[in-house]
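A.B. asks: this is a predicted model, with the sequence first.
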Amino acid sequence: MTEQSDLISREEEKALVARVRTGESAATRELVDLHKDRLFAFIWRIVRNHHDAEEVCQDAFLKAFASLDSFSTEYRFSTWLFTIAYRVCLNQMRRKRPLTGELDFESLERHAESPDTVTMETEEAQQLKQVVWSAVAELSTAQRAAVLLFYRYSQSCQDIAQVLQLPVATVKSHLHRARARLRGTLESQMSTESAPFRTLRALSG
């Protein structure tokens, strides 16, 4: 999956950030538009609440722009922004009691995907998606973030380590444990003869 931020080169991104640093409002809007949808989707899956996700997303952008002078163009802006957003997520979650209840998948998909990219999916694919993301939601916060960044956003373990402020070895351990827990959870929830489970088993080897 190609991230929207990858549609511009590093040089274009550096130029855009430079324009933002001069206070150009059009450049600021462009930078926000490049990242807002995927950032919101990531935050939503961490905090699991629409209102909180909107609040965290806005706060992350505000913090990023307020401290833009400290941003090093040696890194992608998206990695730096996700680092800030993850910290804000953790702070938000510490202030809130743990959320319970089922995930609102329809609401999530409306924000995670733009209307022109949504395609018709089979009932089997929808069932598999719901089971997988329900299982992901049961992981620890750090494991959930690592899985999202690695599989949904194609981030390297090095970039994930930067976002989560953890050693690379710890990130790899989180991914390994998350995979094992996900497989165990999915196996217990679904019949091994069901079509979604056969698909998952084929994908996981």
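C.D. replies: That came through, no problem.
A.B. asks: and the residue most central in space within the chain, what's its pLDDT?
C.D. replies: By CA atoms, centre = their mean, the chain has its centre lying nearest to Phe42, at 2.7 Å. Turning to Phe42, the model gives it a pLDDT of 93.
A.B. asks: Ser70 too?
C.D. replies: Confidence score, pLDDT, at Ser70: 91.
A.B. asks: distance check, it against Gln58.
C.D. replies: Here the criterion is CB to CB, to the nearest Å. By it, Ser70 lies 20 Å from Gln58. C-beta coordinates here come from the backbone N, C-alpha and C atoms, glycine included.
A.B. asks: lowest average confidence, helix or strand, in this protein?
C.D. replies: helix 105-112 (a mean of 38; mean pLDDT, DSSP states H and E).
A.B. asks: can you count the residues close to Leu148?
C.D. replies: Applying other CB atoms under 10 Å, we find 21 residues neighbouring Leu148.
A.B. asks: go ahead and confirm it touches Phe42.
C.D. replies: Yes. The pair Leu148 / Phe42 is scored as a contact, 5.8 Å apart, by CB atoms under 8 Å.
A.B. asks: please parse this structure into its domains.
C.D. replies: As given by automatic domain parsing, the domain ranges for the chain are 1-115, 120-205.
A.B. asks: now the weakest link among those domains, please, by mean pLDDT.
C.D. replies: domain 120-205 has the lowest average pLDDT among those, namely a mean of 77.
A.B. asks: buried set for stretch 31-48?
C.D. replies: By 16 or more other CB atoms under 10 Å, the buried positions in stretch 31-48 come out as 31-32, 34-36, 38-48.
A.B. asks: next up, the contacts around the residue nearest to Asp159 when sequence neighbours are not counted.
C.D. replies: Excluding the flanking residues, the one nearest Asp159 by CB to CB, 6 or more residues apart in numbering is Thr79, at 5.0 Å. Thr79 makes contact with Gln155, Asp159, Gln162, Val163, according to CB atoms under 8 Å, 6 or more residues apart in numbering.
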